[in-house]
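> turn this into a structure:
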Amino acid sequence: MWKFYLFIIVAGVWAGVGRLGSLSLLEWSDLSFMTGIICILITAVFFILKSGFLTSFFSGFKLVSEKMIRKSRAMERTDRMTEQEIKEFKNTAFMVISQVSMIIGIASLTMTVFGLFLYYS
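Residues are numbered from 1 along each chain as shown. Now for the predicted structure:
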């Protein structure tokens, strides 16, 4: 339900910017389009990171850094203990950020279509 409210809030903000701003309808539509595309691009990046496509790339850099900087055994045990908590936090953060950016992007693109409809009619 929060997703719907966020969509309505973002659409309302864009409507407010359109009404109260000093932008023409076409400039407002361009601005909302660029915002929408950037948010959708952020969502795509998070989906790629979550899919594991770059896992081998990142694990290679992790191995290189581990070979260059030695850790004590106590530090390695601490890292293993907190690794699960970090993964859970990352998964939750990725999910929330990707959902919010997708909703903002979709709302912005919807307002772009609405603005273009008004401009050309």
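> now the longest helix along the chain: mean pLDDT?
If you go by DSSP state H, the chain has its longest helix at helix 73-120. Averaging pLDDT along helix 73-120 gives 88.
> now E66: which helix or strand?
If you go by DSSP states H and E, E66 is part of helix 55-68.
> related to what we said a few turns ago, in terms of secondary structure, what does the longest helix of the chain contact?
Under the contact criterion of 3 or more C-beta pairs under 8 Å, 6 or more residues apart in numbering; DSSP states H and E, helix 73-120 touches helix 2-20, helix 25-51. Any C-beta I mention is one placed from the backbone N, CA and C, and that applies to glycine too.
> let me know which of those helices is tucked in deepest.
helix 25-51 (a mean of 16; mean count of other C-beta atoms under 10 Å).
> counting by contacts, list what it packs against.
The elements that helix 25-51 packs onto, with contact taken as 3+ C-beta pairs under 8 Å, 6+ apart, are helix 2-20, helix 73-120.
> that helix to helix 73-120, inter-axis angle?
Helix 25-51 runs at 150 degrees relative to helix 73-120, counting by axes from the mean of the first three to the mean of the last three C-alpha atoms, to 10 degrees.
> quick check: Y119 touching L23?
No - contact criterion C-beta atoms under 8 Å: Y119 and L23 do not qualify, at 12.0 Å.
> before we move on, back to that, how about the helices and strands packed on helix 25-51 in JSON lines, adding distance to L54?
Below are those laid out as JSON lines (distance: least, C-beta to C-beta, whole Å):
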{"stretch": "helix 2-20", "distance to L54": "27"}
{"stretch": "helix 73-120", "distance to L54": "13"}
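> so which of those is nearest M34?
Evaluated over these, closeness to M34 peaks at helix 73-120, with 8.5 Å, by C-beta to C-beta.
> orientation of that closest one relative to helix 2-20 in degrees?
Counting by the same axes, to 10 degrees, helix 73-120 lies at 50 degrees to helix 2-20.
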